[in-house]
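[1] sequence first, then the predicted structure, then my questions.
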Amino acid sequence: MKLGLVTSNRHKLEEYRQGLEPLGVEVEHLDVDCDEIQTETLQDVVRSCLDQLKGAGLSNFMLDDSGLFVPSLNGFPGVYSAYIMDTIGCRGMLRLLEGLGREARFECCIGVCSDELGEFTVTGVSPGMIVREERGTGGFGYDPIFVPEGHELTFAQMDMASKNELSHRGKAMVLLAREMERRMGGRK
Ligand code: ITT
C-alpha cells in the first residue's frame, strides 16, 4: 500500500519511511500546504487539514500534527509548539522552565484519508522529562531537550530507529498500522 505524507518537515518524512516501510506501507512525499486552524487539540487541527485537503481533491494521504505538552506550564506549548519553536526555540523553553516541574509529554496525532481504508486518526504519546541543557544533534525541533521516560539520552542523542521505538510518532505509527490491518481485515 502507498500513502502520501503531507508535511514540510523532511525529518518527519524520514521517520515515517523508517517506521512504516517495514510494515509494508510505502511513503511518498506530498509537498502541499494546509492552513493549521487555531484550536485546543491536535486532533482538531488534523481533522481540519484532512477536510481541507480532501476538499481540494487530494486522496490517499496522511499528515500529523505534533506538540510538546508541559504540565507545569498547564500543557503549554501544546498546539502552539511550532510557534514557540520558531520564536524562542529550545533555549527559550529551558528558560521558561527554570524553577518549574520538568515532566513533559510529546503527542502525535496522525490523520489518514484513504480510498481503501476510509478516514481515521490515531494518537501516540511519549511521556518524559525536559532536561536542563540541550544535548545531541540528531532529530529536530525539541528533540535536544526531551528524554523519554525510563531513558537517559535525549531524542537528539538517539538514532532514528531508537527514537521511533520510543517516540509519540513511532507509537502513533504502530496504532496506524494496527488500524489499517483491522480495516483491511474487515473487508475480507
Ligand atoms: P508539518 O509541515 O508536518 O506541520 P512541523 O515541523 O510544522 O511540520 P508540527 O506542526 O507537527 O510539525 O510540529 C509542531 C512543533 O513541534 C514543531 O516546532 C516541531 O519541530 C516540533 N516537533 C514535532 N514533532 C517533533 C519531534 O518528533 N521531535 C521534536 N520536536 C517535534
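    Received it, and whenever you're ready, just let me know what you need.
[2] could you use CA atoms for every contact and neighbour count after this?
    Will do.
[3] show me the beta-bridge partners of Glu107.
    In this entry, Glu107 is beta-bridged to Gly67, Val125, by DSSP bridges.
[4] residues touching it, list them.
    Residues in contact with Glu107 (CA atoms under 8 Å, 6 or more residues apart in numbering) are Ser66, Gly67, Leu68, Phe69, Thr123, Gly124, Val125, Ser126, His168, Arg169.
[5] ok, the third one to Gly101 distance?
    Relative to Gly101, Leu68 is positioned 14 Å away (criterion: CA to CA, to the nearest Å).
[6] the more surrounded of the two?
    Leu68 (26 against 13; other CA atoms under 10 Å).
[7] tell me the residues of this structure that contact the ligand?
    7-9, 64-67, 81-82, 85, 140-143 (CA under 6 Å from any ligand atom).
[8] which residues of this protein fall in helices?
    10-20, 42-55, 81-87, 89-96, 160-166, 168-187 (DSSP state H).
[9] tell me which residues in the first one are buried?
    Going back to what we said before, that points to helix 10-20. Lys12, Leu13, Glu15, Tyr16, Arg17, Gln18, Gly19, Leu20 (16 or more other CA atoms under 10 Å).
[10] so how far is Ser167 from the last one?
    Distance check for Leu20 against Ser167: by CA to CA, it reads 14 Å.
[11] again, but for the fourth one
    Plainly put, Tyr16 is 12 Å away from Ser167 if you go by CA to CA.
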